[in-house]
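A.B. asks: my questions are about this predicted structure, shown below with the sequence.
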Amino acid sequence: MPRLATDTEVLVEDAVDTRLDNPWRVILFDDDIHTFEEVIVQLVLATNCSAQEAEQHAWRVHTEGKSRVYEGSFEECFRVQGILREIQLVTEIQG
């Protein structure tokens with residue numbers, strides 16, 4: 001059976017740039033290693049939030065297992081995650 005040659009045009013959207021513009025989040029997970037004070041201090045350093053807000057995140061992490069501690073561009077979230085990981089806090093960036 002003869003084969004017909006067909007031309008197919010595939011359009012690929014540049015999704016990388018679009019994804020980087022969407023809101024990204026840093027999630028902090030509970031661990032049994034760090035004290036509340038360590039977590040609070042590091043959250044203030046990383047996110048520039050108040051000590052009171054950092055304490056609320058620390059309690060949420062303790063009671064619920066995780067908390068969204070920051071939201072912003074991918075680059076900002078990557079920076080925040082790096083500061084939190086300086087003391088080996090367990091984090092994840094979600095987008």
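C.D. replies: Here it is on my side, so go on.

A.B. asks: by contact count, what packs against the longest helix anywhere in the chain?
C.D. replies: Of all segments of type helix in the chain, defined using DSSP state H, the longest is helix 51-64. Judged by 3 or more CB pairs under 8 Å, 6 or more residues apart in numbering; DSSP states H and E, helix 51-64 is in contact with strand 24-29, helix 36-47, strand 66-72. In this view, the C-beta of every residue, glycine as well, is placed from N, C-alpha and C.

A.B. asks: mean pLDDT and distance to Leu89 for those - can I get that in JSON lines?
C.D. replies: Formatted as JSON lines, the helices and strands packed on helix 51-64 follow (pLDDT from 0 to 100; distance: least, CB to CB, whole Å):
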{"stretch": "strand 24-29", "mean pLDDT": "99", "distance to Leu89": "6"}
{"stretch": "helix 36-47", "mean pLDDT": "98", "distance to Leu89": "6"}
{"stretch": "strand 66-72", "mean pLDDT": "98", "distance to Leu89": "9"}
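
A.B. asks: got TSV for those, with mean neighbour count and distance to Ile83 too?
C.D. replies: Output for the helices and strands packed on helix 51-64, formatted as TSV (neighbours: other CB atoms under 10 Å; distance: least, CB to CB, whole Å):
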stretch	mean neighbour count	distance to Ile83
strand 24-29	19	10
helix 36-47	18	4
strand 66-72	18	10
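
A.B. asks: and of those, who's closest to Gln94?
C.D. replies: Closest to Gln94 of these, according to CB to CB: strand 24-29, at 4.9 Å.

A.B. asks: so what touches the closest one?
C.D. replies: With CB atoms under 8 Å, 6 or more residues apart in numbering as the test, strand 24-29 has contacts from 39, 43, 57, 61, 65-74, 76-77, 80-81, 84, 89-95.
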